[in-house]
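Colleague: I'll drop the sequence and a predicted model, then ask my questions.
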Amino acid sequence: MTGPKPLSNILEITPYKGGQKLDHGWKLSSNENPLGSSPAAQAALADMAKQLEIYPDGSAFELRKAIGQKYGIDPDRLVCGAGSDEIFQLLGRAYLQPGDEILQSAHGFLVYRLVAQQSGAKCISAPEKDLCADVDAMLERVTDKTKIVFLANPNNPTGSYIPYDEVKRLHKGLREDILLVLDGAYAEYVQANDYSAGMELAGEEANVLVTRTFSKIHGLAGLRLGWAYGPESVIDAIHRVRGPFNVTSVAQVAGIAALSDDGFVSRSVEHNNSELDRIKPALEGMGYKVYPSVGNFLLIQFEDRDGKRADDADAFLRQRGIVIRDMKAYGLPDCMRLSIGTKEANDDVLDAFDAFAKAD
C-alpha cells in the first residue's frame, strides 16, 4: 500500500541527533551547563506550573522587555523562539526557496544545513583556517543565489571565534540583500577583548540578525528558549511565520528570572574558565591534540592508528560511563567534542583519557 509521499528534498535530510547519554555516568556530549540552572529560574518555573491552563503571551512581551533592559536594546526589535534552532528554521521559511543558497564555514553548526535542506536550498561551506572561520574564503563563495550567511561566533564544535573587526569585514563584503546571521549561543563564555556578539551591528544595519539562547550559560536547555535581535523588517518577517504561541509560559518566566540572576552566570563562567584552564593542558600533557576553545567544550583530535582512533576512544570512555560527542557529522572523524562538566566529572574524564593513552 502506497501512502502520501513527502517532498523529495525532505527525504534527503539526515535528522539532527543530539548528544547521547548513558543510563548512568557522565553525559558530556551536549554542552550543557554543569552547574544546572538558576535557582531563581527554577522558582519562577515552579510558580508558573500552577497556571498551566492559561495560554502563554503570544508576543512574549515581558520576556522581550527583560531582554531589552538587560542588553540595552529595543524590545520591539526582538523575537523569541523555542531555542535559537527554531529561529533558524523560521528564517528558512521566511527567506529561502528552492534554488537559493546559504553560506557557512566548513564546520558550522549542523542545523544551518538542515534549514537549507528543508527549504530546498543549497548549503555552501567555506574552508576554514586552523578550524576557524575564514572571512576571505566565505566572501569568495558568495554568489547571486546567496540569501543567508550563518556565522556561529564562537563556533560549535571547534570552539574558535573571529574578532569583531573580522565580523564587520564579512558584513561589509556582503550585498545588502544578503542576511548575515550571527549565532552567539556561547557568547557569554567569551572573555577575549576583541570579541563582540554583534549587537551593535544588528542595531545599525538592515541585514544583520543576532541570535542568542538560554540553553547554555543559563542552563535552560530543557525549556527550549532563544531570541533574536535585528532590523524591524527581519523581525516582522519572523513574526509572520512563527506559531502564535511558540514560547511556553514556563519558558518565558524562567527566562526573565534567569536574566536577573547575575550571580549564577558569573559562577558558571568562573567554573568554565577554571576547568578549561585545567583540562586542556592536562590532556595535552597526555599527548592529545586539543584545539583552543572560548566555549564550554573542547575539540580533541585522536591518532590515526589502530586502537587509538576516535571510535576507539569513544568505546573506551563509554565502558567507563563517560559519553562525549562524535564529530563525524561535522566532517571531523578523527575528533570528539568534550563538554566541560562538574569538577567530579572532569576528574573522571582525565583519569579515563590517561588510561586510554596508556592502553596497549
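Modeller: Okay, I see it. What you are looking at is a predicted structure, and each value in this text was computed from that prediction instead of being measured.
Colleague: quick one: the strands in the stretch 51-200 of the chain, in order.
Modeller: 78-81, 101-105, 122-126, 146-152, 179-183 (DSSP state E, counting those that start in this stretch).
Colleague: and what of the stretch 251-360 of the chain?
Modeller: Under DSSP E, counting those that start in this stretch, the stretch 251-360 of the chain gives strands at 289-290, 297-301, 322-323, 325-326, 335-339.
Colleague: which one, of those strands, ends up nearest to residue 45?
Modeller: strand 335-339 (23.3 Å; C-beta to C-beta). For the C-beta atoms, the positions are set from N, CA and C on the backbone; glycine is no exception.
Colleague: give me the contacts around that closest one.
Modeller: Strand 335-339 has contacts (C-beta atoms under 8 Å, 6 or more residues apart in numbering) with 19, 28-32, 34, 157, 279, 296-302, 310, 313-314, 324-327, 349.
Colleague: how about a cut-off of 7 Å?
Modeller: If you take C-beta atoms under 7 Å, 6 or more residues apart in numbering as the criterion, strand 335-339 is touched by 28-32, 157, 296-301, 310, 313-314, 324-327, 349.
Colleague: got the angle between it and strand 297-301?
Modeller: 160 degrees (axes from the mean of the first three to the mean of the last three C-alpha atoms, to 10 degrees).
Colleague: and strand 335-339, C-alpha only, in PDB?
Modeller: The C-alpha atoms that make up strand 335-339 are tabulated as PDB, following Å, rounded to 0.1, in the frame of the first residue of the first chain:
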ATOM      1  CA  CYS A 335      37.900  14.300  16.600                       C
ATOM      2  CA  MET A 336      35.500  14.200  19.500                       C
ATOM      3  CA  ARG A 337      34.000  17.100  21.500                       C
ATOM      4  CA  LEU A 338      34.100  17.100  25.300                       C
ATOM      5  CA  SER A 339      31.700  19.300  27.200                       C
END
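Colleague: any idea how far the residue nearest to residue 185 when sequence neighbours are not counted lies from residue 291?
Modeller: Among residues not flanking residue 185 along the chain, residue 213 sits closest, at 4.8 Å (C-beta to C-beta, 6 or more residues apart in numbering). Separation of residue 213 from residue 291 (C-beta to C-beta, to the nearest Å) stands at 22 Å.
Colleague: mind checking which of the two has more residues around it?
Modeller: residue 213 (24 against 19; other C-beta atoms under 10 Å).
Colleague: does the more buried one touch residue 83 like I think?
Modeller: Yes: Residue 213 lies in contact with residue 83 (C-beta atoms under 7 Å); the separation is 6.1 Å.
Colleague: who touches both of these two?
Modeller: What both residue 213 and residue 83 touch, as defined by C-beta under 7 Å, 6+ apart, is the set residue 226.
Colleague: tell me the domain boundaries of the chain?
Modeller: With domains defined by automatic domain parsing, the chain comprises 19-36+263-358, 39-260.
Colleague: winner for burial among these?
Modeller: Among these, ranked by average contacts under mean count of other C-beta atoms under 10 Å, first place goes to domain 39-260 (a mean of 19).
Colleague: and residue 5, which of the domains of the chain is closest to it?
Modeller: That would be domain 39-260 among the domains of the chain, by C-beta to C-beta, at 15.2 Å.
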